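pasting the sequence and the predicted model now:
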Amino acid sequence: MGEDKEESPKKKLRQDDPPASAASLFTDDLILEILSRLPARSVHRFKCVSRHWRDLIADPVNRKKLPQTLAGFLYNGYKSGAAWSRHFASVSGRGFPVDPSLPFIPNKYKHIVLEDTCNGLLLCACYKTPATIKDEYRYVVCNPATGRWIELPPPPQPLANRFHSTTRLAFDPAVSSHFHVLQFWQTSLVMEIYARGVDIFSSQTGAWIHRDGGLLEKITLFRSTRSVFFAGMLHLVGRLNPVNTDKESALVVLVLVDMEGKAWKTIRLPLGSSFETVGLSQGCLYYAGSTNTYFYNNNSKKNRVLSTTKITLWCLENYDSGEWVLKHSASIDEPLDRTWVDCTVFAIHPDCDTVFLVPTRGEMLACDMQHQKFVHILNLEKDNVLIYLPYIPLFSEALADADE
């Protein structure tokens, strides 16, 4: 009995107390230091350890030290008369609030069109007059979480040709506070559109460079699909056009380009999908696609249309050989009131095997591919442009050469 009374309090705590009590032995600084080294998905799970941990992780001051996950999607709205609007769709309703009006950008810009996002930064095309094809614009790169922004100098090509280009943002805060903007110019030749050059802006040099050649004369880039900045190269979805049309067929590929426009490569994508998107998830490059099939229900008095959509999720397990491995597949079988409704997979969650899709205009769904579960996220604004830019908050103040 005497030995029980003299037992060390710490030893008794380790044996009898729940993990939440044991976690209370850590100081707040030590907890934040540990959490800052974990993936965002793990950080969110640790909110369940205790109320104190939950409040510590949710504290806005501590967000700057912790990894962030997907907050939602930014997208453009369009109405007649070239009037553009901007919107934010939260995927959870509890994420970091984003003001899509971007109030920190100067009032001299009357119209702002969202172009691309990459690891917390946002690329915009800003107009001083109502946005039309012939109006000039300037690119602005900003951080919505901090309000810092930078205006880019005009690219080498005429600004009026913007609608014949594909522009993407490349940024990795784990490597550098500097970013790159790549503008691929395309031209029409024999009823086909081919990329003919790329202009690359570096925030480190503050200047654009122009590059020709490489694989560009054989590539048609898909403007509506996402790009990924990974391993120092930008990855875009495109079509590799055959040189000899009698013997070869076009291939859907990933087009890889480095930040100097000197190294080019293609990786063949899995076959059989009508719509494609790529994303960086769980540290690997992923690809998701969907195939839509439509047929009439002859047994229905209304002769309704049935749709079957198959979604596939692939992982690039061998980056050097370009080997894709099928991780999950899921099917949607749903009767439709319209005769033609596409289901488009447009994004992949960065922390889990979840894809986001739009089966009809005005809706957004999330599909947990591992558990075959579909969840309705929200209704989107009407007359939206069907390009949704994933947004992950970046609380770092660093933005090379940014204006206050």
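On my side now, so go ahead. Residues are numbered from 1 along each chain as shown.

as a check, name the ranges of all strands in the stretch 301-404 of the chain.
Counting by DSSP state E, counting those that start in this stretch, the stretch 301-404 of the chain has strands at residues 305-318, 323-336, 344-348, 354-358, 363-368, 373-379, 384-391.

looking at these, which is nearest to Trp185?
strand 384-391 (19.2 Å; CB to CB). Bear in mind the C-beta positions are built from the backbone N, C-alpha and C, glycine included.

can you list contacts of that closest one?
By CB atoms under 8 Å, 6 or more residues apart in numbering, the surrounding residues in contact with strand 384-391 are 70-78, 87-89, 98, 114, 116-117, 120, 122, 144, 224, 226, 279, 344, 346-347, 350, 356, 358, 361, 364.

hang on, the earlier thing: including distance to Cys126, mean neighbour count and mean pLDDT, could the strands of the stretch 301-404 of the chain go into JSON lines?
Shown next, in JSON lines, are the strands of the stretch 301-404 of the chain (distance: least, CB to CB, whole Å; neighbours: other CB atoms under 10 Å; pLDDT from 0 to 100):
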{"stretch": "strand 305-318", "distance to Cys126": "35", "mean neighbour count": "18", "mean pLDDT": "81"}
{"stretch": "strand 323-336", "distance to Cys126": "38", "mean neighbour count": "14", "mean pLDDT": "79"}
{"stretch": "strand 344-348", "distance to Cys126": "24", "mean neighbour count": "24", "mean pLDDT": "88"}
{"stretch": "strand 354-358", "distance to Cys126": "27", "mean neighbour count": "24", "mean pLDDT": "89"}
{"stretch": "strand 363-368", "distance to Cys126": "27", "mean neighbour count": "18", "mean pLDDT": "87"}
{"stretch": "strand 373-379", "distance to Cys126": "27", "mean neighbour count": "13", "mean pLDDT": "82"}
{"stretch": "strand 384-391", "distance to Cys126": "16", "mean neighbour count": "19", "mean pLDDT": "86"}
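
Leu169: which of those strands is closest?
Closest of the strands of the stretch 301-404 of the chain to Leu169 is strand 384-391, at 9.6 Å (criterion: CB to CB).

before we move on, the earlier item: just the buried ones from the contacts of strand 384-391?
Using 16 or more other CB atoms under 10 Å as the burial test, these include 70-77, 87-89, 98, 114, 116-117, 120, 122, 144, 226, 279, 344, 346-347, 350, 356, 358, 364 as buried.

looking at the strands of the stretch 301-404 of the chain, spot the one closest to Ala231.
strand 305-318 (10.8 Å).

and that closest one, what does it pack against?
Packing partners of strand 305-318 (3 or more CB pairs under 8 Å, 6 or more residues apart in numbering; DSSP states H and E): strand 284-296, strand 323-336, strand 354-358.

distance from the chain centre to the helix or strand harbouring Glu115, please.
According to DSSP states H and E, Glu115 maps onto strand 111-118. Relative to its chain's centre, strand 111-118 lies at 12 Å (CA atoms, centre = their mean, to the nearest Å).

show the subsequent helix or strand relative to that strand.
strand 121-127.

contacting residues for Ser224?
386-387.

tell me where the stretch 151-300 of the chain has strands.
165-171, 179-189, 192-202, 207-211, 219-221, 227-230, 233-240, 251-258, 264-268, 275-281, 284-296.

any chance of those in CSV, plus distance to Leu380?
Output for the strands of the stretch 151-300 of the chain, formatted as CSV (distance: least, CB to CB, whole Å):
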stretch, distance to Leu380
strand 165-171, 23
strand 179-189, 27
strand 192-202, 28
strand 207-211, 35
strand 219-221, 25
strand 227-230, 22
strand 233-240, 23
strand 251-258, 27
strand 264-268, 32
strand 275-281, 17
strand 284-296, 18
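
now those strands as CSV including mean pLDDT and distance to Ser331?
Shown next, in CSV, are those (pLDDT from 0 to 100; distance: least, CB to CB, whole Å):
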stretch, mean pLDDT, distance to Ser331
strand 165-171, 92, 32
strand 179-189, 84, 35
strand 192-202, 83, 33
strand 207-211, 92, 43
strand 219-221, 83, 30
strand 227-230, 94, 26
strand 233-240, 90, 23
strand 251-258, 89, 22
strand 264-268, 89, 25
strand 275-281, 85, 15
strand 284-296, 80, 10
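
and the ones you listed: which comes nearest Lys47?
Closest approach to Lys47 among those is made by strand 275-281 (21.3 Å; CB to CB).

quick revisit: can you put the helices and strands packed on strand 305-318 in CSV and add distance to Gln372?
Shown next, in CSV, are the helices and strands packed on strand 305-318 (distance: least, CB to CB, whole Å):
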stretch, distance to Gln372
strand 284-296, 15
strand 323-336, 5
strand 354-358, 12
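
out of the ones you listed, nearest to Gly197?
Here strand 284-296 is closest among the helices and strands packed on strand 305-318 (CB to CB), at 25.7 Å.

what's the distance between Val113 and Tyr137?
Using CB to CB, to the nearest Å, Val113 is found at 8 Å from Tyr137.
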